[in-house]
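Visitor: No letters, just coordinates:
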């Protein structure tokens, strides 16, 4: 049986193999330190859980409108007004089943067979895969220190082709944790607009910013497709809830797609998320951000001694993207050996980078400081033997 | 701005316009009887709600594996064993965000640009739209009394072309409520297999059967793609939870697609659904089925007097598909006038049928007997004036 040829463009997450190895070792009694998964180790904040339970107790279990309950769309608009000085009409906000739903909508709307999409390399593989499933060709542009590990206006100008229709940005980025500054982002938006292209900005890690205040493309433009999520900053991964801010004229076709592709996001999740914007919840989330910032520092300092610090510290998200070329040119083998010999699970770069993945790894700081210190000690022991 | 041309194939639900009209009338104080929506009027059964609250209390809010929690996949397999005499390996079951997620996976795997898909006309429009988004051409085959309002083996034989790769069945069907019998379903599966095609069977309304015991394609074949849902029989619409049973060799690429397209279904929903298979919940659900059966009878008898009974009573789901040609050849206008003059909201057939929709309507029996009797009286008054 030959499947749809598009399916071949959707590579398996190679980290899954590593995850299975890690679970097998754990089941065999080894003390594995998990730094491989892109999920906060915090449970959902209590006010959100309580709101979810209340929604269930009230029997809020039926379908919502395709774009989400009005109260949540308004609360998201309020969040932009309060924290980003951005005026976003709630009518431009579509609540989606995870950021996945938002990426699905935007990719199905914006690209088709023969479209070309510009993206930084490395990037989050699902972002590539959504575009590939919609039929697009990806131009993954190698980025590094000179552009702050981001697709900047100069790179857009250099790589934009006649058949390019879309640029996809991510800030903070997975896997690098790097952000676009306001002038950088503004310049990219302008560069794409000049070329009559569209822009998707992945802001899934927004709020997990450690150096500067978080930034949204919504503060700069009403023409970008902005993807966000309740998963990371708000700690709601398993609730599968995200949103898409779209240009006004895209709302009707996007709503039509949403009606057909997923009907609506889960109702209890939507009602629970209303509590995510309360001051009480904000306090918990900002405390967690401080915790992540402290962990970042511990990892950066510990790894610097091994020549493994990134050239620019990540300003956001909860990842380090590390060049391991002084130790290895085979990140998969490096990660497997590290797991087998020292029980530290990290992610090989090959999942994220079209080029250079074989000498990069991603480390998630989704574990507490004591465990991170122990992980650094184990990594030190491991690379000492290489 | 020109969107992806595929988006044009996704027609808006025209019932939405009617729904807005109904809401406007209701807000203005009119007593509207809602028979237009494809959602049971029952809230989720209490044991499922309690299990959802318990899951939240236990902090079960993180990602699950892409194919769902093992306990739920096993429970679904147990359901097939207990009620369908079908042995389904849990490894062949993927839990999805609604049946929508299952249809998305199956369509993305099975069809591509240039594929042709056979489907009964009328059908559920999302089923067509998923195929269109994946690039397929739909051959919607007019069905009627002679094939039991289903795509049968003879129609498959007659309409299968060289470039047809997939047949899509639905039993019980939305909008007709008609089912395929075991010999009919078996013959279709054989007819498609002989042609080396694939079959998707939409069993979303399974369990809502009023005459014979429900049937699953899983009892007949391990090669069909079987789509199901917790929405209708189990009363969990807003939880967005469904599943796909796939042939063994399709599980790996489907899991890869699931990882990328939606990561996983909502975690609280998955844990809540475990309670759907308990004897206590089964008792509630079977009681609801009896209630729906009684409603069906009330509608059938009431409408027969107006010459509006279907030629075959629906054996399942909760819809009547009615030929209104003795009164109108414009179902949209018919429904709008019925709403304006008598405050009864039903659905014009044009959403469902490529051909014949203009002289059909769909009536959902998602309201209690007293309201259905009142609706029949209002419809009688209305058609008496035509």
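Guide: Okay, I see it. Quick caveat, the model's predicted, so the values are computed rather than measured.

Visitor: Can you get me the start-to-end distance on stretch A:148-164?
Guide: 23 Å (C-alpha to C-alpha, to the nearest Å).

Visitor: hey, which helix or strand in chain A has the poorest pLDDT?
Guide: Scoring the helices and strands of chain A by mean pLDDT, DSSP states H and E places helix A:15-27 at the bottom, with a mean of 88.

Visitor: which residues touch it?
Guide: Contact with helix A:15-27 is made by A:32, A:34, A:36-37, A:335-336, A:339-340, A:343, A:345, A:347-348, A:351, B:259, as judged by C-beta atoms under 8 Å, 6 or more residues apart in numbering or on different chains. Where you see a C-beta, it was placed from the backbone N, CA and C, and this is true even at glycine.

Visitor: let's go with 7 Å and repeat that
Guide: Helix A:15-27 is contacted by residues A:32, A:34, A:36, A:335, A:336, A:339, A:343, A:345, A:347, A:348, A:351 when judged by C-beta atoms under 7 Å, 6 or more residues apart in numbering or on different chains.

Visitor: how about that helix: buried residues?
Guide: Buried residues in helix A:15-27, counted by 16 or more other C-beta atoms under 10 Å in any protein chain shown: A:15, A:16, A:18, A:19, A:21, A:22, A:25.

Visitor: Could you report the distance from the first one to chain B?
Guide: According to C-beta to the nearest C-beta, to the nearest Å, residue A:15 stands 10 Å off from chain B.

Visitor: Count the neighbours of the nearest residue to that residue once chain neighbours are set aside for me.
Guide: Spatial nearest neighbour of residue A:15, chain neighbours left out: residue A:347 (4.7 Å); criterion: C-beta to C-beta, 6 or more residues apart in numbering or on different chains. Here the count is done by other C-beta atoms under 10 Å in any protein chain shown, and residue A:347 has 27 residues near it.

Visitor: Was I right to think residue A:347 contacts residue A:362?
Guide: Yes - at 4.3 Å, residue A:347 counts as touching residue A:362 under the criterion of C-beta atoms under 7 Å.

Visitor: before we move on, back to that, next, give me the two most distant ones among the contacts of helix A:15-27.
Guide: A:343 and A:351 (20.7 Å; C-beta to C-beta).

Visitor: Compare those two (neighbour count), which wins?
Guide: residue A:351 (21 against 18).

Visitor: contacting residues for the residue nearest to residue A:15?
Guide: Contacts of residue A:347 (C-beta under 7 Å, 6+ apart): A:15, A:36, A:335, A:361, A:362.

Visitor: what is the last one paired to in the beta sheet?
Guide: If I follow you right, that is residue A:362. According to DSSP bridges, the partner residues bridging residue A:362 are residue A:321, residue A:347.

Visitor: Surely it and residue A:319 touch.
Guide: Yes - counting by C-beta under 7 Å, residue A:362 touches residue A:319, with 5.3 Å between them.

Visitor: anything in contact with each of those two?
Guide: residue A:175.

Visitor: What residues does the stretch 1-150 of chain A have near chain B?
Guide: A:1, A:3-7, A:10, A:12-13, A:39, A:43-44, A:49, A:52-53, A:56, A:59, A:61-64, A:97-98, A:100, A:104, A:108-113, A:126, A:129, A:133 (C-beta under 7 Å from any C-beta of the partner chain).

Visitor: Among the residues you listed, which are located in helices?
Guide: Among the residues of the stretch 1-150 of chain A next to chain B, the residues falling in helices (DSSP state H) are A:49, A:52-53, A:56, A:98, A:100, A:104, A:108-110, A:126, A:129, A:133.

Visitor: dump the residue contacts of residue A:359.
Guide: Per C-beta under 7 Å, 6+ apart, neighbours of residue A:359: A:323, A:324, A:325, A:328, A:329, A:331.

Visitor: residues in contact with the nearest residue to the last one once chain neighbours are set aside?
Guide: In other words, residue A:331. Using C-beta to C-beta, 6+ apart and skipping the chain neighbours, the partner closest in space to residue A:331 is residue A:348 (3.9 Å). The neighbourhood of residue A:348, defined by C-beta under 7 Å, 6+ apart, consists of A:14, A:15, A:331, A:332, A:335, A:361.
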